[in-house]
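Novice: Okay, sequence plus prediction incoming.
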Amino acid sequence: MRVSRLMLVTLRDDPAEAEIPSHKLLLRAGYMRRVASGIYAYLPLLWRVLQKVSLIVRQEMDRTGALETLLPQLQPAELWERSGRWAGYTAGEGIMFHLQDRQGRELGLGPTHEEVITALAADLLRSYRQLPVSLYQIQTKFRDEIRPRFGLMRGREFIMKDAYSFHADEASLKETYGAMDQAYRRIFARCGLRAVAVEADSGAIGGSASQEFMVTADAGEDLVLASGDGTYAANQERAVSIPPSAIALEAQGCEPLATPGQTSIDDLCSSHGFDPTQTVKVLVLLARFAEGPAQPLLISLRGDQQLNDVKLANAVTARAQPAWGALLEIAPISVDQWASQGLDPLPFGSLGPHLSDAALQGASQWRSQFLRLADPTATALKRFVCGANQVDTHLVGAAWDELVACPEAVDLRSAQPGDSCCHDPSQTLEASRGIEVGHIFQLGRKYSEALGARFTTESGTEEALWMGCYGIGVSRLAQAAVEQHHDAHGICWPVSIAPFEVIVVPANIAEPTQAELAEELYGQLQEAGVDALLDDRTERAGVKFKDADLVGIPWRVVVGRGAGEGLVELVERATGEKRDLAATNLLTALLPVLQQQRGGI
Ligand code: ATP
Ligand code: MG
């Protein structure tokens, strides 16, 4: 390919819309353009990268025995109603784009494909003899993200590889899950990414075990907590740890304490010399479901701990009645919201776990009893400080059971860096940031049961299929690679996914010797199967070198003044190493290195 024919438009300055290096560089170097929030045009350079990533993904999926397929993006609501996910994905914070066709039928644009594939499995898979089987596709997904950002990292339209496996039993599912884990590690390594596998929350997809693959990068949206010994790593959404010990509160009984204006744990502790570990904080939140009234929550945590939203959502979902449908949202209840229900004002800032359900009596749209949950850090306290449910008053020396029946204890706290690890208390958790590029799940039988995907076992009985699902964000991966591989001058693509492997740059194209030698080398490289680019523009050499660095082509062959003597300069983008060599030796010098840098199976 010739640069003059590439529609290459590079930008000198960082575009205002971009915050992180990879996003800035992909825009500046002419890889993509924003069409609307979270929606990008992939320009020819980026498309080549995406095709190379896809090829690696394909080869590794094929190697596991998975079959490539292509499923529809327009999906009938009816399928999602059968799995129970339509409401959760379209109402509240749901991320599915949805529409009506001319007959008034509801359709969604696929954010993921469990429903479609399970319906197919119900139709096609009948006998244990057909199992196990895995299918995958590489395709555009649509998600109406609440905060699309960072370019391809969180788009509303993006490319994903998703795979689904079907099994006769759990052991077979685990085997394929293990094979996918290995395939994922190979994919990320071949793409030149440093990625780590971490325990993950299964989220709205559901199921039991799941693992995310994180590309370590400061710009990552996820917080990874890992033990120094390398045996434990988890997304903070899911991570567990041993909380710091509490300082026992010296108190025999329970006394009220005047706490004027002290509505935060910090104020309370600094005014009276308490340690936050001696306090219980109480949060009132509201869980909205697809059907019926909202459910008020009364959550108790030790004062020094942070509530983990993901753990809370899981705990609430597990305790919800099936008739309530999907959990749509959990949010703190504001003073105004409380008042809007026609209820007496709550003493926010002085709430205690003994807040009675009477406080909810007469609520116009809410259920009339709190769902009461407490983190074990709170339930473990013998005596503690908490709000008295009266303005400007706290209780010192409160005890569960004396005050109120101890609520159900469930892990609701966020593990923090510095916490001791559960597997070995001498180890502590360290934090790092990660970009989630892949996620593999053992789904179990949730979807097959909901959509009636059953098979006949060897002994002749009928059972629901066991399922796994496995995603890779292909477009996110491409940008994550830039996040890990760039410098002050631009992108430094790993050869395996670079849009072109070599760029031939005649310093002065108007000089016939240079132009001719450059053409000749460009032809030789192409013939040798190298993805080569020729910068045939009439620009100054400096401009062309700058662009080559920005675009990030791994190898640059400069045809300059030495062309008369048959000499060229070979520059490696990532290291900046330069060497002069005879043009006749270029292929013998470069091909073996390229071959090795391409990786491959
Ligand atoms: P996240 O937690 O980042 O929102 P997710 O858990 O919803 O992602 P999955 O449903 O597991 O994502 O999707 C599989 C993969 O698709 C993710 O691991 C990620 O790499 C990619 N992905 C998900 N959402 C987006 C998006 N909005 N833009 C680009 N890639 C995405
Ligand atoms: Mg995920």
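Specialist: Sure thing, it's come through. Numbering: from 1, shown residues only. Ligands and ions are numbered 1, 2, ... in the order given.

Novice: make it CA atoms for all contacts and neighbour counts henceforth
Specialist: Noted.

Novice: CA atoms only for stretch 18-29, dumped as PDB, please.
Specialist: Output in PDB follows, covering the C-alpha atoms of stretch 18-29 (Å, rounded to 0.1, in the frame of the first residue of the first chain):
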ATOM      1  CA  ALA A  18      -9.600  12.200  24.100                       C
ATOM      2  CA  GLU A  19      -8.400  11.700  27.700                       C
ATOM      3  CA  ILE A  20      -6.100   8.700  27.700                       C
ATOM      4  CA  PRO A  21      -3.000   8.100  25.600                       C
ATOM      5  CA  SER A  22      -4.300   5.300  23.400                       C
ATOM      6  CA  HIS A  23      -7.500   7.200  22.500                       C
ATOM      7  CA  LYS A  24      -5.400  10.300  21.600                       C
ATOM      8  CA  LEU A  25      -3.000   8.300  19.500                       C
ATOM      9  CA  LEU A  26      -5.600   6.400  17.500                       C
ATOM     10  CA  LEU A  27      -7.300   9.600  16.600                       C
ATOM     11  CA  ARG A  28      -4.100  11.500  15.900                       C
ATOM     12  CA  ALA A  29      -2.500   8.800  13.800                       C
END
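
Novice: hmm, who's touching it?
Specialist: Contact with stretch 18-29 is made by 9-15, 32-33, 150-152, 219, 479-480, 482-483, 486, 490-491, 547, 550-551, as judged by CA atoms under 8 Å, 6 or more residues apart in numbering.

Novice: repeat that for 7 Å
Specialist: With contact meaning CA atoms under 7 Å, 6 or more residues apart in numbering, stretch 18-29 is reached by 10-12, 14-15, 32-33, 150-151, 219, 479, 482-483, 490-491, 550-551.

Novice: Just the ones in strands from these, please.
Specialist: Met32, Arg33, Gly490, Ile491 (DSSP state E).

Novice: For the first one, give me its contacts.
Specialist: Listed by CA under 7 Å, 6+ apart, the contact partners of Met32 are Leu26, Tyr40, Ala41, Tyr42, Leu43, Leu46.

Novice: Can you tell me which of the residues you listed is nearest ligand 1?
Specialist: Tyr40 (11.0 Å; CA to the nearest ligand atom).

Novice: Which strand or helix spans that closest one?
Specialist: For Tyr40, the host element (DSSP states H and E) is strand 39-42.

Novice: got it, and Met61?
Specialist: Assigned by DSSP H and E, Met61 belongs to helix 44-63.

Novice: C-terminal to that helix, which secondary structure element comes first?
Specialist: Taking DSSP H and E, what comes next after helix 44-63 is strand 67-68.

Novice: Parallel or antiparallel, list what pairs with that next one.
Specialist: strand 133-142 (parallel) (DSSP bridges).

Novice: got the contact list for the helix or strand following the partner strand?
Specialist: Next in sequence after strand 133-142, counting helices and strands by DSSP H and E, comes strand 157-167. Applying CA under 7 Å, 6+ apart, the contact partners of strand 157-167 are 38-39, 131-143, 173, 465-475.

Novice: could you flag which of those residues are buried?
Specialist: 38-39, 131-143, 173, 465-475 (16 or more other CA atoms under 10 Å).

Novice: quick one: stretch 236-248 near ligand 1?
Specialist: No - Stretch 236-248 does not reach ligand 1 (CA under 6 Å from any ligand atom); its nearest approach is 9.9 Å.

Novice: related to what we said a few turns ago, output the strand holding Tyr40 in CSV, but only the C-alpha positions, please.
Specialist: Taking Å, rounded to 0.1, in the frame of the first residue of the first chain, the C-alpha atoms of strand 39-42 are listed here in CSV:
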residue,chain,number,x,y,z
ILE,A,39,-19.6,5.3,17.9
TYR,A,40,-16.5,5.2,15.7
ALA,A,41,-15.6,4.8,12.1
TYR,A,42,-12.7,2.3,11.9
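
Novice: And it, what's buried?
Specialist: Ile39, Tyr40, Tyr42.

Novice: Pull the distance from that strand to the chain's centre.
Specialist: Taking CA atoms, centre = their mean, to the nearest Å, one finds strand 39-42 lying 20 Å from the centre of the chain it belongs to.

Novice: partners of that strand, with directions?
Specialist: Note on strand 39-42: by DSSP bridges, its sheet partners are strand 32-36 (antiparallel).

Novice: The strand it pairs with - what's its average pLDDT?
Specialist: Mean pLDDT, computed over strand 32-36, is 97.

Novice: Also stretch 362-381?
Specialist: 96.

Novice: And for that stretch, what's in contact with it?
Specialist: So stretch 362-381 is contacted by 280, 293-302, 341-343, 357, 360-361, 406-413 (CA under 7 Å, 6+ apart).

Novice: Out of these, which sit inside strands?
Specialist: Filtering the contacts of stretch 362-381 for strands - DSSP E - leaves Val280, Gln295, Pro296, Leu297, Leu298, Ile299, Ser300, Leu301, Arg302, Glu408, Ala409.

Novice: Now, of the residues you listed, which are buried?
Specialist: Val280, Gln295, Pro296, Leu297, Leu298, Ile299, Ser300, Leu301, Arg302, Ala409.

Novice: Near ligand 1, which residues of the protein? Just list them.
Specialist: Checking the chain against ligand 1 by CA under 6 Å from any ligand atom, the hits are 152-156, 158, 160, 436-439, 471-473, 476.

Novice: can you give me the helices in the stretch 151-300 of the chain?
Specialist: 170-190, 265-272 (DSSP state H, counting those that start in this stretch).

Novice: and those helices, which is most packed in?
Specialist: helix 170-190 (a mean of 19; mean count of other CA atoms under 10 Å).
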